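Visitor: what would the 3D arrangement of this be:
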Amino acid sequence: MAKRRCISLDIIDSDAFMEMPSSSQNLYFHISCRCDDDGFCNCPIKVQRTVGASIDDLKLLIAKKFLLECPNGVVLVKHWWIHNLKRKDRYTPSNYLKDNRLFLDENNAYTTIETNRPYGIEWQPSGNQMATQDNISKDKLSKVNINNNSIPNVDRDNILKELEVEESKDINLDNELPFDI
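Guide: Numbers count the residues shown, from 1 in each chain. Predicted structure coming up:
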């Protein structure tokens, strides 16, 4: 844990932050000072009791999404990377980052995967992967095969009978000569 932390005016000058009671604001500052390099604070209840804030102040920070609550009791400062930029040579990865399903949105604020993505794990496939898929290429679509009934709503037998009748007429015409021999 570092000994120096920064707070961005972009966050604390917002109406949402300024509308909170001063005890909630104070708790936010103290929790921010006790975070690791990724913004995780593993002792929010201890900090809340130390500064004399109520549990409602902590719940308010979580409800207004200034803090994200993790299942293991750890809290995360949502706007951590807006407040603090760390040089790579001074950065120590958090132990809690692997356990929590979080990512940074386009504003460099933490967001839980559950709120932004569908349920399930990121790499988990959706749908039935065992179901067969239609494999129709453009070549197969352009070829029409009468023998396989690929033309819809056509009576194949009637067409074949008509073709046989026409062929038999052609044969009869060939057998008839216009003059007598």
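
Visitor: got a list of what residue 73 touches?
Guide: 42, 44-45 (CB atoms under 8 Å, 6 or more residues apart in numbering). The way it works is simple: take the backbone N, C-alpha and C, and place the C-beta from them, glycine included.

Visitor: measure residue 36 to residue 164 for me?
Guide: When CB to CB, to the nearest Å is applied, the distance between residue 36 and residue 164 equals 87 Å.

Visitor: what's the answer for residue 25, then?
Guide: 93 Å.

Visitor: mind showing which ranges of this protein have poor pLDDT?
Guide: Across the chain, the ranges flagged by pLDDT under 70 are 1-3, 86, 89-91, 95-156, 160, 165-181.

Visitor: now with 80, please.
Guide: Screening the chain residue by residue with the criterion pLDDT under 80, one finds the ranges 1-5, 71, 81, 84-181.

Visitor: how does it divide into domains?
Guide: Domain assignment for the chain by automatic domain parsing gives 9-116, 138-175.

Visitor: ok but residue 68 is inside a strand, no?
Guide: Yes. Residue state for residue 68 (DSSP: H, G, I helix; E, B strand; the rest coil) corresponds to a strand.

Visitor: my read: it touches residue 75, true?
Guide: Yes. In this structure residue 68 lies within contact range of residue 75 using CB atoms under 8 Å: 6.7 Å.

Visitor: hey, what's in contact with both of these two?
Guide: By CB under 8 Å, 6+ apart, residue 68 and residue 75 have these common neighbours: residue 62.

Visitor: hmm, back to that, which one's more surrounded, residue 36 and residue 164?
Guide: Taking neighbours as other CB atoms under 10 Å, residue 36 and residue 164 compare with residue 36 leading, 19 against 10.

Visitor: looking at it, that one is touching residue 94, isn't it?
Guide: Yes. In this structure, residue 36 sits in contact with residue 94. The criterion is CB under 8 Å, and the distance is 4.8 Å.

Visitor: what residues are shared contacts of these two?
Guide: Counting by CB under 8 Å, 6+ apart, nothing touches both residue 36 and residue 94.

Visitor: ranges for the strands of this protein?
Guide: For the chain, the strands identified by DSSP state E occupy 40-41, 67-69, 75-77, 102-104, 110-112, in order along the chain.
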